[in-house]
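In: Structure for the following, please:
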Amino acid sequence: MTSKLSWIFFVPFMAAAIFLTLAETVLPDGAILGLNDTMLSYAAIGCVLIIFVFTLIFCLVDRRISPYYLPHRNFPAGIFGILLAAVFAADGANRVYHIFSSGAIEILALVEAILLMLASIVFIVLGLTHSFRNRDNKHMALINVVPALLFAIRLVRCFVTFTTISIITADVPLLFCYVFATMFFFNYAVAISLTEAKNAVKSCFIYGFPAAAMLLAYGVNTAYQGFDTTDVFSNAGMLEMLLTALYIIAFLLEMTIFIKDRDHVVINGDDGEYEELKAEDTEVVDDFVVTGMEDDDRLDTPASSYLTQADTTDFLYTEQRTEHDDEPASSYLTKADTEGYITEESVSPNDVPDPERAGYTDRLDEIDRLILEISGDIE
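Out: Here you go, the predicted structure:
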């Protein structure tokens, strides 16, 4: 599956994006090829877009990846999810407190605060799912979309702030963080809820890699600028970005390891049950029962191997051996015990050897030779 090759471009370009973002704070203007801070920001965005383009190419040419995926046991993702839930809950409660204490209620800010507390609940569930491998997520499709709504609201608020400031001073990397994060968590909710979609799993790769790179680069740069000890809650945004990036990376790593191809995943249309076929499993295709082995394995397996290797332990018949199994068939026929049968073995007159007939048989070779000699004289 070519989708897994996206890691080849993700790792180096993510490191480049982090370096370019940190260079804005650490290095003076023009230290890197004469680029100022704004140019370095756009260069970091360019690295993220390169990750997006190559991941898109790898996923588009991938025809084998399954359109369904269910989370497996993943302790790093579970830990990051629970930590992210705690940060979201604290940030949401602090925002609600400040909104009502100030007396000026802003609708978008209030909606964001509510979604933060709802997202904390979702990530607690997801963290426990990753830790204990609870596979019943198909009934939580609406709840799993809450993180996507949260980043969508933050994206709207980011656009609103851009209308009041100059585009030169606008925080464009933050905008890209929310764009990719929104798209990832929407497709993430669709994929893990087993909702019927064509490219939900592929989209997790397509938007997950650039989202993780952008969030991690922005979060590392913000953390390097300093931790605010006077107002601890002001550091919530930085922690949310770092933990979200680490959660996405842990989930993408899990998908890379456990994702199946479309031939080994079956979704029961009646109840939506998810099943992964193994090599020894069987599947029904157009009323034919075939084994779940790969096509290459079938080609390498001779047809006669089924007769010698077939497992018949659960069949209705059992193999029984007799005393004649090791004897040739001819000897068995001659030694057959006919006692108790209605008919008895009899010898017909034709079975008695005739001396004259035997002599005639011996002279057949001489007659043939004479005919050949006569035929030669005639010619």
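
In: Count the residues that sit near Glu42.
Out: Heads up, residue 42 is Tyr, not Glu. 14 (other Cβ atoms under 10 Å). C-beta: built from backbone N, CA, C; applies to glycine.

In: Contacts only, for it.
Out: Val172 (Cβ atoms under 8 Å, 6 or more residues apart in numbering).

In: likewise Glu254?
Out: 71-72, 74, 77, 130.

In: If we use 6 Å, what do you get?
Out: By Cβ atoms under 6 Å, 6 or more residues apart in numbering, the contact set of Glu254 is 72, 74.

In: List the buried residues of the host helix or strand of it.
Out: For Glu254, the host element (DSSP states H and E) is helix 236-258. Residues 236-252, 254-255 are the ones in helix 236-258 that count as buried (16 or more other Cβ atoms under 10 Å).

In: Residues contacting stretch 203-213, please?
Out: 3, 6, 10, 14, 17, 48, 51-52, 55-56, 59, 180-181, 183-184, 187-188, 191, 245, 248-249, 252.

In: these two touch, right, Met241 and Gly219?
Out: Yes. Contact criterion Cβ atoms under 6 Å: Met241 and Gly219 qualify, at 3.6 Å.

In: all helices for the stretch 151-300 of the chain, in order.
Out: 172-192, 200-225, 236-258, 295-300 (DSSP state H, counting those that start in this stretch).

In: Mind putting those helices into JSON lines with distance to Ala152 and mean pLDDT?
Out: Formatted as JSON lines, those follow (distance: least, Cβ to Cβ, whole Å; pLDDT from 0 to 100):
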{"stretch": "helix 172-192", "distance to Ala152": "5", "mean pLDDT": "92"}
{"stretch": "helix 200-225", "distance to Ala152": "13", "mean pLDDT": "93"}
{"stretch": "helix 236-258", "distance to Ala152": "14", "mean pLDDT": "93"}
{"stretch": "helix 295-300", "distance to Ala152": "43", "mean pLDDT": "47"}
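
In: mind checking which of these is nearest Ala31?
Out: Closest of these to Ala31 is helix 200-225, at 15.6 Å (criterion: Cβ to Cβ).

In: ok and that closest one relative to helix 236-258, angle-wise?
Out: 140 degrees (axes from the mean of the first three to the mean of the last three Cα atoms, to 10 degrees).

In: buried ones in helix 200-225?
Out: 200-222.

In: can you check stretch 15-22 too?
Out: So, applying 16+ other Cβ under 10 Å, buried residues of stretch 15-22: 16-22.

In: cool, stretch 28-46 as well?
Out: Buried-residue list, stretch 28-46, by 16+ other Cβ under 10 Å: 32, 35, 39-41, 43-45.

In: Among the buried residues of stretch 15-22, which one sits closest to Thr161?
Out: Once Cβ to Cβ is applied, the member of the buried residues of stretch 15-22 that ends up nearest Thr161 is Thr21, at 19.9 Å.

In: What is the one helix or strand the closest one maps to packed up against?
Out: Assigned by DSSP H and E, Thr21 falls within helix 6-26. Secondary-structure packing of helix 6-26 (3 or more Cβ pairs under 6 Å, 6 or more residues apart in numbering; DSSP states H and E): helix 37-60, helix 200-225.

In: right, and those helices - which one's nearest Ser66?
Out: helix 200-225 (6.6 Å).

In: Cool, thanks, signing off.
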